[in-house]
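J.: let me see the structure of the following:
(2 chains)
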Amino acid sequence: MTVSLEAHGKLPIFEAILAADLPAHEPHPPRSPIHVSHLVLDVRLPTFVSQLTISPPTMSRLAQSRAAPAAARPGDQDGELLQHSLSQLRFTDAQPEPDICPVCKSSRYLNKSMQFLVNPECYHKMCESCVDRIFSHGPNKCPIAGCNRTLRKHRFRKQTFEDIAVEREVDIRKRVAAIFNRREDEFEDLMDYNNYLNDVEDITFNLVNRIDVEENEKKLAAYAEQNSKSISANASLASQETQDYSALQAAEREQARLRRDTARREEEEERRARAEGRQDIINRLASGTASAEQIAQESRVTLKKRMDKKAAAERQRQLHAAAAAKDATNGSSGFLIKGLKTKKEVGPEKPFDAFGGLSFAKHDYCVLQDHYEWDWLNEVRGDVQIVAGGYDVQEFHQRALCDAFAGLGVFVGEEAAARDEAAMGPGAVKAAATAGAAGACTGAKDIKMEDPF
Amino acid sequence: MTTYLTEDDIYRTSTQYRLWSFTPESLAALREQTHAAAIERAKKYLGHGNGTTGHSDGANGNCEGDGTVADCLTAEEELRLVQRYADQIRTTSDFFKWPVNVKATAVQYLHRFYLSNSTLTYPPRETYKCALFLASKTEGVHMTLSEYARRISTDAQLILAPEYKIIQALRFTLDVRQPFRGLKGALMELLNIAAGRGAVPQHSRTGKTGAELQTLMAELPGVADGDRSTWAAPAGAAAADPRVLADRAHVAYGVARQILDAPALLTDVYFLFTPPQIYFGALMLADSVLAGFYLSTKLALESPVRGKVLATIGACRDMLGAWSPQGVMSKEERAGLEARLERCRDPTTRDLVGAMAAEKRGGGDEGALDDGVAKRRKLEREKSMKEGEDLFGPSLPTVGNAA
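T.: Residues are numbered from 1 along each chain as shown, chains lettered A, B, ... in the order given. Next up is the predicted model:
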């Protein structure tokens, strides 16, 4: 049995427990190795021990059903079961015995399938039948004495955590996280992001511990209102990330289809409008109710209207963009976030530059001309055999002139000496020479030729 | 944000500038060091002249040990021998009718190789063909090895054997900046000036138009005494005739080109100067008046670097001018030197072909590699041979196990 536990201090005791749990008559270790590495480490030892020496009635139903065939005798637990009981230390949907509904006082002993529900409004626990009974006809007061909150049936749910305080904290955190859902890449740097997280944590902490609840709720609401757009955008981003690829593709296809449909419908509408307009004009001309000029004028007006409609749509779009921009700068809520990035429009990609911004177009000593009075060069221009391949004499001009002056102002003597001094200090030339000569002397033996075979 | 690279900056990025540029002193010191190290080594394998060395290399026993340290070539002789073979490369390249850039590259490879290697270790007779073949590949002249070997009547393996050593000694930098194309560029500009279409950059402050430049060129005095250009102003023609001016430029170009071929390749100018300085030096030798005029269109009189550039070009011109064909070693002298070299050369590099083959085989037969490595490679080879007869062939070789 291999155990990798990160709680160093508790390891010996843990091993002792494991050793004690192993039945003496079992000749070989159990088949499934336990890997306990990511457990909650602040487990208190007494709880730990009591959970380890678990007896079948206190186990979760799931664990029981899985343990049943493997462990017929009490205490004959194999690794899997132990793992289960470990993982259930804090998170459990099982209720401790005896289970009695605080409202109707019926116990699980009488009703095996009894389930307890809570309402996040007050977190008072009651059985399912009580909920049905009291809240089926609409909102009602909580039946627990002293609690006057009004509860609704649809908000009742199964309790996830044994500790009701944890349950409540998790709920609050969920709610706050859904609103304050900025992402790290929205911030200029990590410091700003951490500051933001810190502020959010302050609010959460206050809500959890009921400090200035009114004020914090107000902050939360104000922020939610003012940043509704970015909140929904981030929420959809997050959900997109959780969706798998194919679902994403399907959604995109659906979107594209919708866009196509919309475009087609608009086109159709416009065509119909135009046809109707023309028919109308023809009818009016035929009936002679108005002069031709007047009708022409009117049709121009219609056209203008249509153009105006387009312009209005454009304006609307611009307005939306402005609103989005305002949203990005998070407006004037009581909760100010510093260091948010302003979203930039990405411009079109620049053409690829093979030399990474280096240019050779500048000549210190010469001017590159199109034509040079050298017959030997200019014969080439007319030679089909050479030109057909795409050869350009200008290439040669450029190369020859570059060669002609590349290094004219480089003084090898001075620069070589300065370079050697700088690189290795005086006398290094000698050392290098010696090294080279020594290398030569050792001859064939020292050469590590890359093995070609 | 565009950064401009001037021509000088472009040259500063080259490996020739970064690795193969020296001051005269550092160049001499480097050669001295190489020679001293080779002598040190020779003392070991020559056994201080008594001929009874401890080498057990049976194949080389007949030649080994009959020389003394006193037989070793001096640094001066080594350098002259290398230059003799540089000349040999030129002849061979001309025999193949290869363009001049192959020749220059090959000669430069040879020079660079012998900066860090001694002729005592690798006699140039064995390396120069390889240097030329390597240069032909670098410069894009495509001749197969077998064709190359056939035409110079040499064994192909002998040509290839020192190739890796050479490339290694070149520090894997195969680019050699040469003055030939630059000289063509200068001629192009001179011809345009002669035709009255010359142009100077805006910022050079010489501020001349094409016509002014043409007039200036026409007013130049004739070829100075001592210059090598054979041009003389024709008696009948007007001095300002563009054709006459163009002719002067052509003649100067031709002479400079000759200078760039012989002295420039056989001296150390490539190590000490940049290609533009080299061809300007050659132009100065050919027609100092014309070269001075051309340079003055590039560098204004008040330019701060003008004096320095002129001095550098002057030094290069002197170096090129000091060279004479008589300086190249004669055939007899070479034969004498090589006979001595044969007695005192390094026995371990005698069999380059064998060494290369052994290196390729993994050194199993020679014992040159560690015994463990050799044995492992041999086993691997045998295994792969055996597996080769399997239904699906041998398994793929595992990478990196030899390291």
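
J.: and the lowest-mean-pLDDT helix or strand in chain B, how far from the chain's centre?
T.: Using mean pLDDT, DSSP states H and E, the weakest-scoring helix or strand in chain B turns out to be helix B:371-387, at a mean of 77. Relative to the chain's own centre, helix B:371-387 is displaced by 41 Å; criterion: CA atoms, centre = their mean, to the nearest Å.

J.: buried sites along it?
T.: B:Ala374, B:Arg376, B:Arg377, B:Glu380 (16 or more other CB atoms under 10 Å in any protein chain shown). For every residue, glycine as well, the C-beta is placed using N, CA and C.

J.: can you give me the distance of the second one to chain A?
T.: Right, B:Arg376. 12 Å (CB to the nearest CB, to the nearest Å).

J.: any chance of the buried residues of helix B:371-387 in TSV, plus distance to B:Phe280?
T.: Formatted as TSV, the buried residues of helix B:371-387 follow (distance: CB to CB, whole Å):
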residue	distance to B:Phe280
B:Ala374	56
B:Arg376	58
B:Arg377	55
B:Glu380	58
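
J.: among these, which one lies nearest to A:Asn378?
T.: Distance to A:Asn378 across the buried residues of helix B:371-387 (CB to CB) is lowest for B:Arg377, with 60.4 Å.

J.: how is the chain carved up into domains?
T.: As the question left the chain open, I've gone with chain A. Here the domain parsing of chain A from automatic domain parsing is A:8-87, A:358-407.

J.: nope, chain B please
T.: Split by automatic domain parsing, chain B gives B:7-176+B:332-344, B:180-326, B:366-403.

J.: where among those is the average confidence lowest?
T.: By mean pLDDT, the lowest-scoring of the domains of chain B turns out to be domain B:366-403, with a mean of 67.

J.: what's the local residue count around B:Phe280?
T.: 31 (other CB atoms under 10 Å in any protein chain shown).

J.: and the gap between it and chain A?
T.: Taking CB to the nearest CB, one finds B:Phe280 at 8 Å from chain A.

J.: residues contacting that residue?
T.: A:Leu408, B:Ala186, B:Ala291, B:Leu295, B:Ile313, B:Cys316 (CB atoms under 8 Å, 6 or more residues apart in numbering or on different chains).

J.: quick revisit: which of the domains of chain A has the lowest average pLDDT?
T.: domain A:8-87 (a mean of 42).

J.: hey, where'd the strands end up in chain B?
T.: B:3-4 (DSSP state E).

J.: dead centre of it: give me the residue that sits there.
T.: B:Gln108 (0.5 Å; CA atoms, centre = their mean).

J.: that one contacts B:Val269, doesn't it?
T.: No - between B:Gln108 and B:Val269 there is no contact under CB atoms under 8 Å: 10.5 Å.

J.: can you tell me if stretch B:147-157 touches chain A.
T.: No - applying CB under 8 Å from any CB of the partner chain, one finds stretch B:147-157 separated from chain A by no less than 15.1 Å.

J.: can you give me the end-to-end distance of that stretch?
T.: End-to-end distance for stretch B:147-157, by CA to CA, to the nearest Å: 13 Å.

J.: flag every buried residue along that stretch.
T.: By neighbour count with 16+ other CB under 10 Å, stretch B:147-157 contains the buried residues B:Tyr148, B:Ala149.

J.: can you count the residues close to the closest residue to A:Tyr196 other than its chain neighbours?
T.: Nearest residue to A:Tyr196 in three dimensions, chain neighbours excluded: A:Ile337, at 5.4 Å (CB to CB, 6 or more residues apart in numbering or on different chains). As a burial measure, A:Ile337 scores 20 neighbours (other CB under 10 Å).

J.: so A:Ile337 sits in a helix?
T.: No - when classified by DSSP: H, G, I helix; E, B strand; the rest coil, A:Ile337 is found to be coil rather than part of a helix.

J.: against chain B, how distant is it?
T.: 34 Å.

J.: touching, that residue and A:Glu188? I think so.
T.: No - using CB under 8 Å, A:Ile337 is not in contact with A:Glu188; the gap is 10.9 Å.

J.: re the thing from before, how about the contacts of B:Phe280, which pair is most distant?
T.: So, the contacts of B:Phe280 by CB to CB: farthest apart are B:Ala186 and B:Cys316, at 14.6 Å.

J.: which helix in chain A has the most residues?
T.: Determined from DSSP state H, the single longest helix within chain A is helix A:245-287.

J.: now the helix or strand that that helix is followed by: average pLDDT?
T.: As assigned by DSSP states H and E, the chain's next helix or strand after helix A:245-287 is helix A:292-328. Helix A:292-328 carries an average pLDDT of 74.

J.: touching chain A at all, stretch B:341-356?
T.: Yes - counting by CB under 8 Å from any CB, chain A is contacted by stretch B:341-356 at B:Asp346, B:Thr348, B:Thr349, B:Ala355.

J.: the third one contacts B:Thr121, correct?
T.: Yes - using CB under 8 Å, B:Thr349 makes contact with B:Thr121 at a distance of 5.5 Å.
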